[in-house]
Structure formats: structure tokens, C-alpha cells
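K.L.:
No sequence on hand, only this structure:
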């Protein structure tokens, strides 16, 4: 059941109404039932599988907590981590290896139809976070199996995150929720904005991007360049649109999820970009890979310099490269994703090594940090770099990505417009998105696209958003890009 | 407290009312503009459904649109002609068009242009039925076909604006005479300019198609409706510039079903004249105007041969 479908809207409506009219003690049961139904709608077998995985983690968490001062805890902790990692590796990478695939197909085809269960990557990362936090003693293990299962199966976040920290999410399911008008309206506004981003911007851009990227051999450099910039906006509108719908739906029910995006294309550096893009995933990587790794390395190296580089910089570089290696591999097992991840890792390493020099240059030129030329040029250059990296993310394979880059570098040939009205809608969509985000960035800093103290003006804005969705939204149920991860 | 709740309820109701009023007014305006267009593909579709009284009507995709030369067909068969083919539209669209046309007028001859991948599983063929939503209100007979797109379509169409989804720009352009300057439209036939200069392509993946049996059943219904109305139906595969290793499953099925119903199936797909003449093509799938002329002449010969028995 995709968010951008009529069944989801009906499902959400029924779930919300029933949620607020049943006795408060039964709220979690109803929500768990609704979340199970939501996932089973996609695949019942995988729902059972995910439930078993969650229950295993529930028990591992309990045992880690129970034996927290004993050696046993470490054993349970490692076993839990291995179970989660092995599950992810099996579904995401192992069965896709060519020689394994051949072997499995010969095995009466039992494994032939195995695909990655929807949302597994997000779930596994969230469960790993839970075990780590229990082990570190930052939280106590959840004692209620139903609440524990619900906090991981909760339907707004099961398919694409956000990857919430356990200390933020689990406690929310213990509270009773009452209907709150303002919160509901806030949630519904977020839902509308999310649908707008997905249907009017992302799915509209997808028509052009898909037609160009899926037939890149026949397109010129200029066309591929435009398709690449379009893809930057498509993937952002797609994923952040999903997140807004998830946040809005959870908000209506009384739950606060973390927003994964904070206008990332206004970032002035790659580091800032990752603080604004897929935020819960970035935090996960920072807290569970980068920082422990950097800490471990710094305790190993005591000299001031390693390989002629200051040891702190060396440790940062190694840790960041490994972190972004994991980031790339999490997205997929092809060379494309690996290169995509490492591109960011290498860029961050270089920028870190040059940090002092760039500050010196800025001082020599007498440029303040908020100088508008500096702000605009650094935002544009960050956007260009990120768009360049998206080529590896979107291209069908590594060879295609290289071919696309070669063509773009030549920038020759005629420009393919495709369907003229689609092109106009796409450009208008991007302009609306940029204008609203600029307004949010400079004025409100809110998740909502528009706020006004006059009720009628605000309602007109949201009515217009809905009318625009009906008028020019691509309403044929395009899939969300991040579903496949 | 009660006053506060009433005010909240009032706000919600007025927002819903605002939406309904917007939907109604904008939908009404779009409906007016849609049916008062003077040019463009939407105008041609409306004309084909509501006004064309030709003896021969061509149905199909862009290949139907660009391949059947009206002058040749009109002069050599001594009949009037109209072409309701449209870019990217497949058998579900053609059948919906047929149903609407037959409500008002029974042509003597129908040509249905078939593609090599006509019956493959492809949701897009059904999604593109949305271009016929504006006619649903006056042509409920297409309801059963529209349901193949999604079972919620009829409910979605309660919104007047949804009916015209993604059509705003086309409607606005259609209301002007702009498109007359950049598209030559001759009774629904759109000639293409330019020639194909690349070498002959080969198709190896023709016999492994995933067939959609809903499309097969729609194709059969198309034939049955023509037979019922005593219309001479010719199912044609027009030329394309790709050498096939073997005939596609779609074409094999289309041919055998046509034979079952005793309907002529004329296949120019692998005609040697066209495969050796790239100058007759605009691209690998479409003939240019010269190519359309040559093909239509050959088709007329075939039709005459069939008519003479």
C-alpha cells in the first residue's frame, strides 16, 4: 500500500478515526493491528519474517540489559548484531551474487522469488541502534513486547524510515493519545505538502529523467545535464515528500517523528549537506560507525603524525572513508553506490585537510562568513557536486554513469524536450519548490511550506496546493525511489 | 469550550466547502475550454468522437497517426477518411474510442493498427486511458474499460478537476490556433518530416513477451463489436525499421485471433521494401510522409485484393 494511493488514504482515515474513539488502553493494540495489516498488504510472508526478527531483538535487548554487568551481555549483544547484519546481508547482497543466484535457481527454484523485504534496511538499522543503546546503558530494555513490536512496525515509518533512535520513539507508544485539533491540522498540512512534492514535482520530473537516463545512449550531453539536475530535485522531492507524509500521518495520531530533511540544497558545504539530507541515517552513521571508529583509532595511535599527516586528520579521514563506504553499500551492492558513497567520503576528507587554508584565503580576501557571494557560490558548488554524485546513484550501472559523464563533459548536440507540457510542469514545479524552501530557510524554519496568522490566507494556500495536485500531479501511482533500499 | 469547538468545526467545513467550490468552478472552466478547442490532439480526439462521419476510420497509436495517408485512401477506395490514432495509446484506448464512435456513427471500414508489443503487460497502456476521462460523463459506455486503469477511477472522477489532470497546458494551447502552425493535421493524419540515417536494427527479444490477457480480451471485443455492426475491419501491422528474428508473441496472437474471426490481418512489419529503405522512415518506428504514401498505396492494393476475393 503506497502512500500515494487511494487505499492508503482510506486506510489512514479509518485507522485514525478508530484510534481516537476506542478506549485508550486499546490504542496500542489497534495501532499494532493496523501496522500489521499495512505491511501484510504488501507481503504477508515477509510480515511474519519481520515480526520474528523484531521479537528476537526484543529478547536480545532484554538479555543484554538483564546481564548488563556480566560477560554474557557481550555475547547476546554480538549475537543480536550478527543476526541483524546477517539478515540484511542475506537479503540485500548474498542472494544477488551471480554464482549464488545460479546455485539457488538449481535448488528447485525455492529461492528464485526472494526479494529484499520492504523496509528491511531501515528496520535492521533501527534494531541495531536499539541493541547498541541498551548495551551502552543509555536506555533500559523495553519490557512490553507489543509496544516494542509496534515501535518498529509503526506504519508511517516501516517502509522508508525515519530511522529513529529508540530513546525517542519507544516511550511515545506508552502514552495515551487524545485527539488534538491543532496537531491534526498541522499533520494534515504536512501530508498535503508531502503529496505535492511527490506527485507534482517528483513524479512529474521522473517522466523526463526516466526517459533520458533509461536511454542515455541516444541522448546528448546537454539533455543528460538537464536530466541530472532534474534528478537532483526528483530524488529530493520524492524522499522528502515521503517523509512529510510519514511525519504528517504520525502527527495526526499524536506521534513525533524526526524530519529527515532540512532543505539540503541550501547547504553551503558537503558536510552541511549531510547534516540536512537523510538526517536520521546520517546520525546513525555518525553515532554507530564514525564516532566509535574514530574513538577506537585515536586510542590506537598515540604519535602526532601518521604518514606525514597530523594524526587527528588521519583518523578523521580513515573514519569518514569507512563511514561513507558503509553508506554507499547500504544503498546497494553495485559499484555505482560504492563510488557514490566514496565520492562523498573523499570530498569530505579533502575539505577537512584544506579547512585551515580555505579559512586563511577567506580572511585574506576579507570575506565574512555570511557574505552573500560566498553563501551563493558555496551553495551552488555544493549542489553541483551533489548532482554529479547522483549520476552514479541514478545510472543503470557504472559503465552507463561513466558514459553519461563523458557526454555531459562534451555538452554537444541538440536538446531533447520530450513532452513540452511535461517540461513546463517540471520547471514550474522546481521553481515552486525552490521558492517555498527559500521562504522556509530565510523566514519560518518550519517543516510547513507556508504559515500566516490570517486563517483564510493560509487555507487558500493549502486549497491551492490540493487543486494543483489534482490539476498537474502525476497521479498514476509512481513508486517511491527509496522503497528499494 | 463549546464555542471553541464550533469554531473549529466551522473552519473544517469551510475549508472543505472552499475545495468543493474551487473544484467545481475550475472544473467547469476547464470543461468549457476543453470542448471549445480549435486545434491540437485533444481537439482531434473530440472531433473523432463527436463529429467525424467518415466511411473509413483509422485506430491505433502514433503509428496509426503517421502512417495512413488520407488522400491515397480516399481517392483509391473512393471513401471519406478520419484518423483517431494517438501517440502512445494502445488497444485499450482504441477500443474505448471505438465504443464512443459507434454510439453515434457506423463507419464502413475500420483499420486497426497493431504494434509488435501490443499485448505485453504494461500498466502504462491503461494509465493513458486518462486522456479519455473528459468524455466519460457523456459516454458512460467506456466505464468498463476505464476500470482496467484502477477500480477507484470512477470515484476519483467525482472531482471535476481530476478529469482534466495534466491537460491544462494542452487545453490552453488547443484553444488558440498555435498548434495549427507547428503540426500539419490532415483529417487526423499527422505527416512526419525527416529521414532515418542509422543502420537497420535487429530485434532478438520478440518471442519472450509477458502477455496481458486483459488486452487480448479487449482486442477480441474490438473485433466482435465491428462484426456486430457489419463493419469491414482490417487489422494491420504497418512497417518499422527493425529486422525481427521471429514474429513477436503479440503479433502471432493478433494474427491467429483475427483468423478465428475471419478478419483480414495484413502484416507489413517485415516487408523487404521498407527494411531496405531507411529514407522512408523518420525513426525506426515511424514512417515519414513519403514512406506513409508508399505504405498506404501498398495497403490499398492489399485491401482491394481482399475485397475482390
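P.N.:
Looks like it came in fine. In this text the structure is predicted, and so the values were computed from the model without any measurement.

K.L.:
only C-alpha atoms for contact and neighbour calcs from this point on.
P.N.:
Noted.

K.L.:
Just want the phi and psi numbers for residue B:152.
P.N.:
With angles defined as degrees, to the nearest 10, residue B:152 sits at phi -100, psi 0.

K.L.:
Any idea how many residues pack against it?
P.N.:
14 (other C-alpha atoms under 10 Å in any protein chain shown).

K.L.:
My understanding was that it contacts residue A:5; is that so?
P.N.:
No - taking contacts as C-alpha atoms under 8 Å, residue B:152 lies outside contact range of residue A:5: 9.7 Å.

K.L.:
how about stretch A:253-261: buried residues?
P.N.:
A:253, A:254, A:255, A:257, A:258, A:259, A:260, A:261 (16 or more other C-alpha atoms under 10 Å in any protein chain shown).

K.L.:
Dump the residues you listed to CSV, plus secondary structure and pLDDT.
P.N.:
Listed next are the buried residues of stretch A:253-261 as CSV, based on DSSP: H, G, I helix; E, B strand; the rest coil; pLDDT from 0 to 100:
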residue, secondary structure, pLDDT
A:253, helix, 96
A:254, coil, 96
A:255, coil, 96
A:257, coil, 96
A:258, coil, 95
A:259, coil, 93
A:260, coil, 94
A:261, coil, 95
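
K.L.:
Just the closest of the residues you listed to residue A:36, please.
P.N.:
residue A:253 (16.4 Å; C-alpha to C-alpha).

K.L.:
ok, now how distant is that closest one from chain B?
P.N.:
18 Å (C-alpha to the nearest C-alpha, to the nearest Å).

K.L.:
now that residue: how far from residue A:183?
P.N.:
9 Å (C-alpha to C-alpha, to the nearest Å).

K.L.:
what does residue B:85 give?
P.N.:
Counting by C-alpha to C-alpha - residue B:85 and residue A:183 are separated by 51 Å.

K.L.:
ditto for residue A:153
P.N.:
Separation of residue A:153 from residue A:183 (C-alpha to C-alpha): 22 Å.

K.L.:
Then residue A:395?
P.N.:
Relative to residue A:183, and taking C-alpha to C-alpha, residue A:395 is found at 41 Å.

K.L.:
With neighbour numbers in mind, choose between these two.
P.N.:
A direct count of neighbours by other C-alpha under 10 Å for residue A:395 and residue A:183 places residue A:395 higher, at 20 against 16.

K.L.:
burial measure for residue A:213, as a count.
P.N.:
Neighbour tally, residue A:213, other C-alpha under 10 Å: 24.

K.L.:
same thing with residue A:115?
P.N.:
Neighbour tally, residue A:115, other C-alpha under 10 Å: 13.

K.L.:
Enumerate every residue touching it.
P.N.:
Shown in contact with residue A:115 (C-alpha atoms under 8 Å, 6 or more residues apart in numbering or on different chains): residue A:91.

K.L.:
where's residue A:6 relative to chain B, distance?
P.N.:
From residue A:6 to chain B the distance is 7 Å (C-alpha to the nearest C-alpha).

K.L.:
Now that residue: closest residue in space that isn't a chain neighbour?
P.N.:
residue B:152 (7.4 Å; C-alpha to C-alpha, 6 or more residues apart in numbering or on different chains).

K.L.:
Next one, pLDDT for that neighbour please.
P.N.:
Confidence at residue B:152, expressed as pLDDT, is 87.

K.L.:
With residue B:234 instead?
P.N.:
96.

K.L.:
so it touches residue B:108, yeah?
P.N.:
No - using C-alpha under 8 Å, residue B:234 makes no contact with residue B:108, being 11.2 Å away.

K.L.:
Please identify which of these two sits among more neighbours.
P.N.:
The residue with more neighbours, out of residue B:234 and residue B:108, is residue B:234; 20 against 17, by other C-alpha under 10 Å.

K.L.:
can you confirm the more buried one is in a strand?
P.N.:
Yes - membership of residue B:234 in a strand is supported by DSSP: H, G, I helix; E, B strand; the rest coil.

K.L.:
which residues touch it?
P.N.:
Residue B:234 neighbours (C-alpha under 8 Å, 6+ apart): B:109, B:110, B:111, B:112, B:263, B:264, B:265, B:266.

K.L.:
now, which of these sits nearest residue B:298?
P.N.:
Nearest to residue B:298 among the contacts of residue B:234, with distances taken as C-alpha to C-alpha, is residue B:266, at 10.7 Å.

K.L.:
quick one: secondary structure of residue A:446?
P.N.:
With three-state DSSP as the criterion, residue A:446 reads coil.

K.L.:
Where do the helices of the stretch 101-250 of chain B begin and end?
P.N.:
B:123-127, B:133-136, B:143-146, B:153-156, B:168-175, B:178-182, B:213-228, B:249-260 (DSSP state H, counting those that start in this stretch).

K.L.:
Is it possible to get CSV of those that adds distance to residue A:80 and mean neighbour count?
P.N.:
As requested, those are exported to CSV (distance: least, C-alpha to C-alpha, whole Å; neighbours: other C-alpha atoms under 10 Å in any protein chain shown):
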stretch, distance to residue A:80, mean neighbour count
helix B:123-127, 42, 17
helix B:133-136, 54, 19
helix B:143-146, 51, 17
helix B:153-156, 47, 14
helix B:168-175, 55, 19
helix B:178-182, 65, 12
helix B:213-228, 48, 16
helix B:249-260, 51, 18
